[in-house]
Structures are given as C-alpha cells and as structure tokens.
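Undergrad: sequence and predicted structure below; questions after.
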Amino acid sequence: MDVLLLKRYNGSMTNLTTDQLKQLNMYSIYVDQPEQVLFTLETLLDDAKTENVLNVIQAVSGSPNRTVAASYFMRRLGMFTALQFYNLAVYDELWVGEMSRLTFGTKEEYGKLSVSMFVHSNDWQDVEDKDRRTIIRYLLKEECDAVIRQIRTVSSVSPLTLWENIFGYLLWQYHVLLGNPATAEEARVDLDLLKEDMLWEGIASRSLFATYLNGCEPSQLLNTEVRKTCCFSKDVPGLMQCGFCPLK
C-alpha cells in the first residue's frame, strides 16, 4: 500500500469506546464540535490561507509573534499526533478523516482560552500489522512534515523546534506504553520503526526521533533537558516553561 493511498484503506470503521473518548479528552481533543470554528487542518494547508490562520492562532493564544504562535500550534497538534501513535499501538486503529474534518476552535482549558481540536468519532479505522511501516511513514510525511513545512512558509520558526514539540509527547507516551506488558510489544515495534532512517526519507537525512533519543530509552530521558530548542511556551500568557527546556 502506497502512503498516498492510505485514506482509501479498506479496514472497517470503528466505534470509539468510552475509554477511547476519555483518552481523546486527555489529549485536548473533543468529539463535540466547537461553537465557533476557527479553521480546519485543510485551511491551514491552503497556501492562500496559512498566514491568516497563524494570525488567528496568535490572537487566541496571546502569543507575542508568529514564531511563538507557530510553536504553540504545533504543541497542540503534537497531541493529536501522539494520539495517532497511541491508538496504533493499543488498538490497531488510526484516524483517517479528511483534513477538513480536523477542526480547530476555542475552548477553555485549565482557566485559559485555548486553540483546541475537534474531530468526528466515526473517522477511525482498524488497520493491519503488515501495514505498520506504511502507516508510520504516512503519519510522519503527510501529517507532520506537511504541516511543519506549511507553517514555515509564513513564520521563521525552526523546523527542529516544531518536531521536538511532537517528540515531547511521544517520549512520555512510549515511556508509559513500554512499561505496560499489555502494550509493550506493539509499542516497541512502532518505536523501532520511528528510529529507522528510511522512514524519514524526504523529511530529513536520518531519523529525527532517533537523534532526539540519542541512544536512550524514553524512560531514561524523562525530566531531563532532552530538547535542543526552546518551544517558547514560557512566552505564551498563562503557560510555563516546559520541563524539557534547554534554557533552564
């Protein structure tokens, strides 16, 4: 299966369980729709609309400039990416909705107005183990890299900053999954694939996640200054410096 054909995957649609819905909410993803739609992922990827989208993100988050706003957004989207890898390891399921069905709106979280994600509960499908390499390649190239490249057309933010915003969630997630005998085997397969240079072809010269881990297990890097770049969360009103910050 070619990565570009992934959305035509023939797996059956799934109904999310109560536990899965709770997991979505833990990642600040909601299945109800926002009172006011700010934009969709499709809008963000539209060359003519990306700048306006980033201006909206900057206004809602209170970010002082586009660089901070871009990093703020990628931290939010990074939770969705982490959820994709979580569902892949735990349920053999994947979100395969159209980009127009990943919606962003405002929601108050922990006393602060945030740019939050809203999805449709019937956009998940069962996937097969034999397609794991293709699926992970798709997630890296078509969901992560495509968004990072698009954001950088209207901001000067470092691509490494945006990738590390995703990796922070994956680090914690694989620490948890590898520590649970029920999920350790699948999680190890996915983690090993993420460290393969081949899957990063066209994105980077080698696996950026392997570089991030630097030969360590995820659990070894918790509460360390594993990041090489600052995510600027300290510059967003109401947020604090992240625990991985190299500027501590």
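TA: Good, I have the coordinates. Just so it is clear, the model here is predicted, and its values are computed rather than measured.
Undergrad: quick one: low-confidence parts of this protein?
TA: 1-14, 248 (pLDDT under 70).
Undergrad: if we use 90, what do you get?
TA: Within the chain, the segments meeting pLDDT under 90 span 1-20, 32-36, 97, 108-113, 121-122, 126-131, 223-225, 237-248.
Undergrad: the longest helix in it is where?
TA: The single longest helix within the chain, with elements called by DSSP state H, is helix 66-91.
Undergrad: which residues touch the helix or strand that that one is followed by?
TA: Using DSSP states H and E, the helix or strand that follows helix 66-91 towards the C-terminus is strand 93-95. For strand 93-95, the surrounding residues in contact (CB atoms under 8 Å, 6 or more residues apart in numbering) are 9, 14, 80, 83-84, 87-88, 119, 123-127, 135. Every residue, glycine included, has its C-beta placed from N, CA and C.
Undergrad: ok, now with 10 Å
TA: Applying CB atoms under 10 Å, 6 or more residues apart in numbering, the contact partners of strand 93-95 are 6, 9, 11, 13-14, 16, 20, 24, 29, 80, 83-88, 101-102, 119-120, 123-127, 131, 135, 138-139, 143.
Undergrad: in this protein, which spans are strands?
TA: With DSSP state E as the criterion, the chain has strands at 29-30, 37-40, 93-95, 103-109, 112-118, 124-126.
Undergrad: how far is the third one from where the chain is centred?
TA: Put simply, strand 93-95 sits 13 Å off its chain's centre (CA atoms, centre = their mean, to the nearest Å).
Undergrad: partner strands of it, parallel or antiparallel?
TA: Applying DSSP bridges, strand 93-95 is found paired with strand 124-126 (antiparallel).
Undergrad: list the contacts for Gln36?
TA: 105-106.
Undergrad: distance of it relative to Thr229?
TA: 32 Å (CB to CB, to the nearest Å).
Undergrad: before we move on, what about Phe244?
TA: Distance from Phe244 to Thr229, by CB to CB: 10 Å.
Undergrad: what's the span of stretch 174-185 from first residue to last?
TA: By CA to CA, to the nearest Å, the extent of stretch 174-185 from end to end equals 11 Å.
Undergrad: could you do stretch 45-54 as well?
TA: One end of stretch 45-54 to the other measures 11 Å (CA to CA).
Undergrad: identify all contacting residues around it.
TA: Identification of contacts with stretch 45-54 by CB under 10 Å, 6+ apart yields 38-44, 63, 66-67, 69-70, 73, 99, 104, 146-147, 149-155, 157.
Undergrad: buried residues in that stretch?
TA: Going by neighbour count (16 or more other CB atoms under 10 Å), the buried part of stretch 45-54 is 45, 50, 53-54.
Undergrad: dump those residues into CSV; add distance to Leu171 as well.
TA: CSV is the format used below for the buried residues of stretch 45-54 (distance: CB to CB, whole Å):
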residue, distance to Leu171
Leu45, 27
Thr50, 28
Val53, 28
Leu54, 26
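Undergrad: okay, among the residues you listed, which ones form the most distant pair?
TA: The most widely separated members of the buried residues of stretch 45-54, counting by CB to CB, are Leu45 and Leu54 (12.2 Å).
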